[in-house]
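A.B. asks: 3D model of this:
(4 chains)
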2 protein chains.
Amino acid sequence: MKKTRISTTALDFDRPLVTVDVVIFSVLDDTLKVLMSRRPARVDERAEPFPGRWALPGGFVDVAQDCTLLDCAMRKLQAKTGVTAPYLEQLGSWGSADRDPRGWSTTHVYFALVHLPPAAWASDTTGLNESRWTAVDEALREPLAFDHNGLLAAAIARLRNKVEYTSLPAFFLPEPFTLPQLQYTYEVVLGRPVDKSAFRKRMLDAGFLEEAGMQGGATGRSAVAYRVKDRAQAVAFPRTFKVSE
Amino acid sequence: MKKTRISTTALDFDRPLVTVDVVIFSVLDDTLKVLMSRRPARVDERAEPFPGRWALPGGFVDVAQDCTLLDCAMRKLQAKTGVTAPYLEQLGSWGSADRDPRGWSTTHVYFALVHLPPAAWASDTTGLNESRWTAVDEALREPLAFDHNGLLAAAIARLRNKVEYTSLPAFFLPEPFTLPQLQYTYEVVLGRPVDKSAFRKRMLDAGFLEEAGMQGGATGRSAVAYRVKDRAQAVAFPRTFKVSE
DNA sequence: ATAATAGTGTCTCTCAGACACTATTAA
DNA sequence: TTAATAGTGTCTGAGAGACACTATTAT
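C.D. replies: Next comes the predicted model:
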């Protein structure tokens, strides 16, 4: 028996599931870390996929609540970390028939760079929303839910690549920050030391910083503090670090 | 009245529409062109959105036919152009409540670089699948269907940006091609002349080309012909063109 | 004064751009 | 031989890396 349809298009075909996942990076303890979320355990007869596995924070788009995909990503980031205005960039989208056992599904992956007050670093290991900050290499070593190993690897690759020629690491620091602090952050993410003189020339010549007073450490000379002029976007340098060899 | 559900997750919420759009670029007549497709005219009482407007080629993901989003994009590209193995890269995804009058919708945008035999350049201005190659600036000037002005602008920006530091324009040429031909293609896309000596050094040093005999023009000296070693991906140069100024 | 950290100066090497030069082909 | 195009050589300047130097602060 066929339904009769008048004045509408044929939209009654199967629609894929639509989700958003957020890769939330931060730097702590000399390490690049990512926020992972544990899939709920099997609580009753309902078939939640990958029970107990670690996964990227994310979930279904709520068409009643989210006006855009970016809204949805910000909502999930806010819910997990309380951060409201971080660096947030779309990484890409993945979709296939078999990435989710519940059916043909798509995910829109965003990646965020945040800095958190130390208090927020406490792992939440209780209840249904268990989450944890994990060193990126460690997170990749174990099998994650869905295709999240692939998504996370892509996010790490994109971040490491962009750090070579952009001001992205500035978003890992609370403002104002000093150039030595910024250099340290670059070195953590790149995993190698960077020459101080070349680094400072590059940052100051790029012109994305503005002075914001002085900042003294526990010991040694005080440093000039800086703020980024335009918090909304990163700056690209004309060359990558370490061109030769 | 509530349905009783056993042994299944709650997936009976509203799902967004899921589409794929493809921005297909090519170079002809000294111009960067894009393939545009006309939305069907209003044929009966069914409400096809944006009747008669120009749009990027695309459409709904067919969960029965497409295994992945990339499959879907390749299927649409193949259907429009007959091209099977071009350069195809994901640009990003857009999704919001109001970009499609039929409801909350998402689109996954891919961009393709193709070279076509001159015969395929004929515009198909008949029937329901009218399509046309249009200069990119011209295509952007008129109001397109949906948010396609924005999608196209993003694709053009990404292409122009990547051409500054990658071997992408090689995909606009049928193999084998000569360095003067490749340089000409760069100049068309960049919209400015490029120094011959610097260009040749850059291309040959990048090491993505392999020789493939000689190729003579109608007049003048013959040129060495080249093929790209790895047709699957573009090469990134360590610097952009024209750093200074 | 010393330790510790912030910041600068100088040298060199690489490489892109500019541009003039040589090489090869057809008529 | 000339026109047209392909390809090379040489100079210069910008800028990154290396690394030694100076500057400022607390003890």
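A.B. asks: Count the neighbours of the closest residue to DNA strand C within chain A for me.
C.D. replies: Nearest residue of chain A to DNA strand C, counting by C-beta to the nearest atom of the strand: A:Gly220, 2.5 Å away. (Each C-beta comes from the backbone N, C-alpha and C, glycine too.) A:Gly220 has 8 neighbouring residues, counting by other C-beta atoms under 10 Å in any protein chain shown.
A.B. asks: Same check on A:Pro49?
C.D. replies: 13.
A.B. asks: That one and A:Arg102 touch, don't they?
C.D. replies: Yes: counting by C-beta atoms under 8 Å, A:Arg102 is a contact partner of A:Pro49 at 6.4 Å.
A.B. asks: next one: phi and psi at the nearest residue to A:Met214 once chain neighbours are set aside?
C.D. replies: Of all residues not flanking A:Met214 in the chain, A:Ser222 sits nearest, at 4.9 Å (C-beta to C-beta, 6 or more residues apart in numbering or on different chains). Main-chain torsions, A:Ser222, degrees, to the nearest 10: phi -70, psi 160.
A.B. asks: Surely A:Ser222 touches A:Gly216?
C.D. replies: Yes: between A:Ser222 and A:Gly216 there is a contact under C-beta under 8 Å: 3.9 Å.
A.B. asks: Phi, psi for the residue of chain A closest to DNA strand C please.
C.D. replies: Main-chain dihedrals, A:Gly220, degrees, to the nearest 10: phi 80, psi -180.
A.B. asks: roughly how far apart are it and A:Ala97?
C.D. replies: Note on A:Gly220: its distance to A:Ala97, by C-beta to C-beta, to the nearest Å, is 59 Å.
A.B. asks: and A:Asp195, how many neighbours?
C.D. replies: Residues lying near A:Asp195 (other C-beta under 10 Å) number 12.
A.B. asks: Now do it against A:Ala225, distance only.
C.D. replies: In terms of C-beta to C-beta, A:Asp195 sits 22 Å off from A:Ala225.
A.B. asks: cool, and A:His108?
C.D. replies: For A:His108, the distance to A:Ala225 equals 37 Å [C-beta to C-beta].
A.B. asks: try A:Asp62
C.D. replies: Taken as C-beta to C-beta, the span from A:Asp62 to A:Ala225 is 41 Å.
A.B. asks: More neighbours: the two, which one.
C.D. replies: A:Ala225 (18 against 14).
A.B. asks: and chain A, which residues reach DNA strand C?
C.D. replies: Proximity of chain A to DNA strand C is confined to A:178-181, A:196-197, A:200, A:217, A:219-224, A:243-244 under the rule C-beta under 7 Å from any atom of the strand.
A.B. asks: What ranges in chain A fall below the confidence cut-off?
C.D. replies: Scanning chain A for pLDDT under 70 picks out A:1-10, A:43-46, A:85, A:117-128, A:242-245.
A.B. asks: Tell me where it has helices.
C.D. replies: Shown for chain A, the helices assigned by DSSP state H span residues A:69-81, A:136-141, A:148-163, A:179-190, A:196-206.
A.B. asks: how about these, which one is nearest B:Pro57?
C.D. replies: Among the helices of chain A, helix A:69-81 comes nearest to B:Pro57, with 21.9 Å by C-beta to C-beta.
A.B. asks: Packing partners of the closest one?
C.D. replies: Applying 3 or more C-beta pairs under 8 Å, 6 or more residues apart in numbering or on different chains; DSSP states H and E, one finds that helix A:69-81 contacts strand A:17-28, strand A:31-38, strand A:87-96, strand A:105-113, strand B:87-96.
A.B. asks: The ones you listed into CSV, with extra columns for mean neighbour count?
C.D. replies: Compiled in CSV, the helices and strands packed on helix A:69-81 are given as follows (neighbours: other C-beta atoms under 10 Å in any protein chain shown):
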stretch, mean neighbour count
strand A:17-28, 24
strand A:31-38, 21
strand A:87-96, 21
strand A:105-113, 25
strand B:87-96, 21
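A.B. asks: between those, which gets nearest to A:Gly58?
C.D. replies: strand A:17-28 (3.3 Å).
A.B. asks: what helices or strands is that closest one leaning on?
C.D. replies: Contacts defined by 3+ C-beta pairs under 8 Å, 6+ apart place strand A:17-28 against strand A:31-38, strand A:58-60, helix A:69-81, strand A:105-113, helix A:148-163, helix A:179-190.
A.B. asks: just how off-centre is the third one within its chain?
C.D. replies: Right, the one you point to is helix A:69-81. In this view, helix A:69-81 has its centroid 11 Å away from the chain centroid, taken as C-alpha atoms, centre = their mean, to the nearest Å.
A.B. asks: Equivalent analysis for the last one, please.
C.D. replies: In this view, helix A:179-190 has its centroid 18 Å away from the chain centroid, taken as C-alpha atoms, centre = their mean.
A.B. asks: ok, residues contacting that helix?
C.D. replies: A:27, A:30-32, A:159-160, A:163-164, A:169-170, A:172-173, A:193-194, A:196, A:199-200, A:203, A:223-224, A:226, A:241 (C-beta atoms under 8 Å, 6 or more residues apart in numbering or on different chains).
A.B. asks: burial measure for the closest residue to A:Arg200 other than its chain neighbours, as a count.
C.D. replies: Nearest-residue entry for A:Arg200: A:Leu179, 5.7 Å, with adjacent residues in sequence omitted and distances by C-beta to C-beta, 6+ apart. Taking other C-beta under 10 Å as the neighbour definition, A:Leu179 ends up with a count of 17.
A.B. asks: Could you measure from A:Leu179 over to A:Ala153?
C.D. replies: Applying C-beta to C-beta, the value for A:Leu179 to A:Ala153 is 31 Å.
A.B. asks: Over to A:Thr240?
C.D. replies: 21 Å.
A.B. asks: Which one's more surrounded, those two?
C.D. replies: More crowded of A:Thr240 and A:Ala153, by other C-beta under 10 Å: A:Thr240, with 17 against 13.
A.B. asks: ok, now which ones touch the more buried one?
C.D. replies: A:Thr240 neighbours (C-beta under 8 Å, 6+ apart): A:164-165, B:238.
A.B. asks: could you redo the residues you listed as TSV and give each row neighbour count?
C.D. replies: Below are the contacts of A:Thr240 laid out as TSV (neighbours: other C-beta under 10 Å):
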residue	neighbour count
A:Glu164	17
A:Tyr165	20
B:Pro238	15
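A.B. asks: Would you mind checking which of those residues is nearest to B:Glu89?
C.D. replies: Nearest to B:Glu89 among the contacts of A:Thr240, with distances taken as C-beta to C-beta, is A:Tyr165, at 19.0 Å.
A.B. asks: Nearest residue to that closest one in space, ignoring adjacent ones along the chain?
C.D. replies: In this structure, A:Tyr165 finds its nearest non-sequential neighbour in A:Thr240, 4.6 Å apart by C-beta to C-beta, 6+ apart.
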